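> heads up, no residue letters with this:
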């Protein structure tokens, strides 16, 4: 599925604050209710790959600072609604690591409100670790 296809044509901007993003898979409700064969997974009806925080335009690989970053992906509104219904108990969704807004500007504004809120997935700050000092170049 392309991220912008939908019966209604409406899309939402989904922000994913997880570093590597997420593949959202939507399953057929009937297949989920039916008893599955042992070891068999239900057939995937549709899927969308969300860009993660490393895809944020402000992210710099050298600094590797994730705080306040989030990948932006346009997703069909009906897919988002169905996926959130199917995955209502998914912890990243409940904790706000993934959220959607109708307009990109609103999503970016919400992301900026969360800029100081840690997700728990950020790397450690090497400057704030007691007893850790960087090697001098001549020590190699």
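Structure's in. What do you need? Just so you know, these numbers come straight off a predicted model, no measurement behind them.
> what's the pLDDT at residue 101?
pLDDT for residue 101: 92.
> Ramachandran coordinates for the closest residue to it other than its chain neighbours?
Distance criterion CB to CB, 6 or more residues apart in numbering; nearest residue to residue 101, sequence neighbours excluded, is residue 107 at 3.9 Å. No exception for glycine: its C-beta is placed from N, CA and C like everyone else's. Phi and psi for residue 107, reported as degrees, to the nearest 10, are phi -70, psi -40.
> Quick check: residue 107 vs residue 28, distance?
Distance, residue 107 to residue 28, using CB to CB, to the nearest Å: 29 Å.
> what's near enough to touch the residue sitting nearest the centre point of the chain?
Nearest residue to the geometric centre of the chain (CA atoms, centre = their mean): residue 16, 2.6 Å. Contact analysis of residue 16 by CB atoms under 8 Å, 6 or more residues apart in numbering lists 22, 50-53, 70-71, 73, 97-98.
> Let's see that with 10 Å instead.
Residues in contact with residue 16, defined by CB atoms under 10 Å, 6 or more residues apart in numbering, are 22, 24, 49-53, 55-56, 69-73, 92, 97-100.
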